[in-house]
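1. give me a 3D structure for the following:
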Amino acid sequence: MAPPPKVNYATWPQNPPAYREVTEEYNKEMLRVTDKLLEVLSEGLGLEGKVLKSSLGDEEIGMEMKINMYPPCPQPELALGVEPHTDMSALTILVPNDVPGLQVSKDGNWVAVDYLPNALFVHVGDQLEVLSNGKYKSVLHRSLVNKERTRMSWAVFVVPPPEATIGPLAELVDDKNPPKYSTKTYADYRYRKFNNLPQ
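-> Numbering: from 1, shown residues only. Model prediction:
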């Protein structure tokens, strides 16, 4: 969805006819929400409001949308919609339908996330965990299927450009708080995560 030079409209659906217009408008709103979230999260670390956005590529931050559909499953106890994972993004902004299925890990237990009408669910992703040197934790989550109803979700992944170098912010590292994560490009991080290599 963003930044504009990276958008490949050839891969976008032709139907419904309003898809492109609606998605572009949605992207504008997601960028606005992302700016505010990154500002508040920066301030939560005791930093100036623009630090996280700047560290993630500023105006080159990418917005990748993934639409998930989980059809009804006659034996949901035998299947997972998506296995437990953390997102490699900086943030994930999610809109689900009203069919339950999203769960987050809390103290070693899986906890169902209740549907809230007109709400956005926001997950901290791996890149914010690294930049914050572990002060923010990437959300371990999974998706379950439903026996009778189709579950859908619209996820927007807020990602740095591939060439962005991501590591613990210098302002958050000192002798008492050494870096807990290595510094690497986002492209290298993605490659390592997709291939189950150590980070």
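
2. may I ask which helix or strand of the chain has the lowest mean pLDDT?
-> Lowest by mean pLDDT, DSSP states H and E among the helices and strands of the chain is strand 80-85, with a mean of 88.

3. following that strand, which helix or strand shows up next?
-> Next in sequence after strand 80-85, counting helices and strands by DSSP states H and E, comes strand 91-96.

4. neighbouring strands for that next one, and are they parallel or not?
-> Strand 91-96 pairs in its sheet with strand 121-124 (antiparallel), strand 151-159 (antiparallel), by DSSP bridges.

5. just how off-centre is whatever helix or strand comes next after the shortest one within its chain?
-> Next helix or strand after strand 121-124 toward the C-terminus (DSSP H and E): helix 126-131. Computed by Cα atoms, centre = their mean, to the nearest Å, the chain-centroid distance of helix 126-131 equals 11 Å.

6. show me what helix 126-131 is packed against.
-> helix 51-55, strand 165-166, helix 186-194 (3 or more Cβ pairs under 8 Å, 6 or more residues apart in numbering; DSSP states H and E). Every residue, glycine included, has its C-beta placed from N, CA and C.

7. which elements pack onto the longest one?
-> I take that to be helix 186-194. Helices and strands touching helix 186-194, by 3+ Cβ pairs under 8 Å, 6+ apart, are helix 126-131.

8. give the next helix or strand downstream of the helix it packs on.
-> With DSSP H and E setting the assignment, the helix or strand that follows helix 126-131 is strand 141-144.

9. what pairs with that following strand, parallel or antiparallel?
-> By DSSP bridges, strand 141-144 pairs with strand 80-85 (antiparallel), strand 102-106 (antiparallel).

10. can I get those in CSV with distance to residue 151 and mean neighbour count?
-> Output for the strands paired with strand 141-144, formatted as CSV (distance: least, Cβ to Cβ, whole Å; neighbours: other Cβ atoms under 10 Å):
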stretch, distance to residue 151, mean neighbour count
strand 80-85, 7, 14
strand 102-106, 9, 16
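
11. out of those, which comes closest to residue 46?
-> Residue 46 sits nearest to strand 102-106 of all the strands paired with strand 141-144, at 25.6 Å, using Cβ to Cβ.

12. any idea how far residue 30 is from the residue most central in space within the chain?
-> By Cα atoms, centre = their mean, the chain has its centre lying nearest to residue 92, at 2.3 Å. From residue 92 over to residue 30 the distance is 11 Å, taken as Cβ to Cβ, to the nearest Å.
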